[in-house]
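[1] take this sequence and fold it.
(chains A and B)
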Number of protein chains: 2
Amino acid sequence: MESAISTLVSQFKTFAGKDGSSDTLSKEEFRSLVTSQLPTFVKNSSDPAVIDQLMGSLDENNDGELTFLEFWQLIGSLANKHGGFSQ
Amino acid sequence: MESAISTLVSQFKTFAGKDGSSDTLSKEEFRSLVTSQLPTFVKNSSDPAVIDQLMGSLDENNDGELTFLEFWQLIGSLANKHGGFSQ
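    Residues are numbered from 1 along each chain as shown, chains lettered A, B, ... in the order given. Purely as a prediction, here's the structure:
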């Protein structure tokens, strides 16, 4: 389980490090991560409206950047759905 | 990234399925998961007080069982710390 967690952290950092702040995802970094790393879990990610909506729903302080914990909420809800859990 | 997420879901289910509700972790299942799967990320997990405190901090509705999303908050905070992120 620790290796899977480390994988998620390091992949987040790889994408977050592409431009601007190296610890947060800009919208472009987020789009790049979602389309390449979550092709099955996030449908229609090539649609800019899908990315806009998802980013808006996660960016709690509306600064246009996603922190690791904001991003973690997304993959938690994807994982919850993938696992077939009820809530 | 999807395979790492799937690993976390399936390992959660393995432990959650040991007794009672197969979709949630009892305290004993939680202890078993933490000691075997998170030996580096959670220190002193052999101390019952550590498990009690961690479980209490995660079980938001205090029903003695952790849902997947409650558990996800724990590994998010462990991952955030492991990654050296600021918040």
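[2] ok now stretch A:25-39, how far from the chain's centre?
    Stretch A:25-39 has its C-alpha centroid displaced from the chain centroid by 7 Å (C-alpha atoms, centre = their mean, to the nearest Å).
[3] now it: average pLDDT?
    Mean pLDDT, computed over stretch A:25-39, is 95.
[4] can you give me the buried ones in that stretch?
    Of all the residues in stretch A:25-39, those buried under the rule 16 or more other C-beta atoms under 10 Å in any protein chain shown are A:25-27, A:29-34, A:37-38. The way it works is simple: take the backbone N, C-alpha and C, and place the C-beta from them, glycine included.
[5] same deal with stretch A:41-51?
    A:41-42, A:45, A:51.
[6] ok, stretch A:1-19 next?
    By neighbour count on 16+ other C-beta under 10 Å, the buried set for stretch A:1-19 is A:1-2, A:4-9, A:12, A:15-16.
[7] verify the contact between A:Gly83 and B:Thr67 for me.
    No: counting by C-beta atoms under 8 Å, A:Gly83 does not reach B:Thr67; the two are 10.6 Å apart.
[8] look at the two and report which has more neighbours.
    A direct count of neighbours by other C-beta atoms under 10 Å in any protein chain shown for A:Gly83 and B:Thr67 places B:Thr67 higher, at 23 against 17.
[9] excluding chain neighbours, give the residue nearest to the more buried one in space.
    Distance criterion C-beta to C-beta, 6 or more residues apart in numbering or on different chains; nearest residue to B:Thr67, sequence neighbours excluded, is B:Thr24 at 5.5 Å.
[10] over to A:His82?
    Per C-beta to C-beta, 6+ apart, closest to A:His82 is B:Val9, 5.9 Å.
[11] same check on A:Gln37?
    Residue nearest to A:Gln37 in three dimensions, not counting chain neighbours: B:Met1, with 3.8 Å by C-beta to C-beta, 6+ apart.
[12] next, the contact list for the one you found, please.
    Taking C-beta atoms under 8 Å, 6 or more residues apart in numbering or on different chains, we find B:Met1 in contact with A:7-8, A:11, A:33, A:37-38, A:75.
[13] great, nothing more from me.
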